[in-house]
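>>> what's the 3D shape of this:
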Amino acid sequence: QVQLQESGPGLVKPSQTISLTCTVSGESITTNGYYWTWIRQPPGKGLEWLGDIGNSGFTDYSPSLKSRTSIYKDPSKNQFILQLSSVTPEATALYYCARTPAWWRGGFDCWGQGTQVTVSP
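Next comes the predicted model:
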């Protein structure tokens with residue numbers, strides 16, 4: 001059974017970088033056929049796709065956040081990491097990591113419980 005667990009600081013100051021780690025168990029993140037995805041949900045709003053990383057390390061990011069987003073893998077720890085720089089309070093959200101099957105881009109077949117990140121002075 002695949003499990004994903006997000007971790008990272010819950011409070012970040014404006015202009016700093018949000019750095020979150022997703023630890024995956026039950027499946028290698030180097031397995032073919034999957035993308036590893038970050039999503040967020042601001043308070044009172046819907047889900048927002050942030051980006052993903054494929055088996056080859058190819059990344060794809062939301063156009064509106066592309067200049068400030070980086071996703072990379074640490075295969076030795078079976079983790080993938082999100083970095084979102086120069087944040088404002090609008091980045092306050094519940095952040096999720098998820099697995100996306102290659103045949104279902106935009107969808108998720110498993111995801112973590114989410115981690116709250118608040119951007120505040």
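>>> Distance check, residue 48 against residue 104.
Between residue 48 and residue 104 the computed distance is 18 Å (Cβ to Cβ, to the nearest Å). (Glycine included, C-beta is placed from N, CA and C.)
>>> what's the answer for residue 98, then?
Distance, residue 98 to residue 104, by Cβ to Cβ: 11 Å.
>>> quick one: which of residue 48 and residue 104 has more around it?
More crowded of residue 48 and residue 104, by other Cβ atoms under 10 Å: residue 48, with 15 against 11.
>>> Okay, and the beta partners of the more buried one?
Note on residue 48: beta-bridge partners by DSSP bridges are residue 40.
>>> Does it touch residue 42 like I think?
Yes - using Cβ atoms under 8 Å, residue 48 is in contact with residue 42, at 7.2 Å.
>>> hey, what's in contact with both of these two?
Shared contacts of residue 48 and residue 42, defined by Cβ atoms under 8 Å, 6 or more residues apart in numbering, comprise residue 93.
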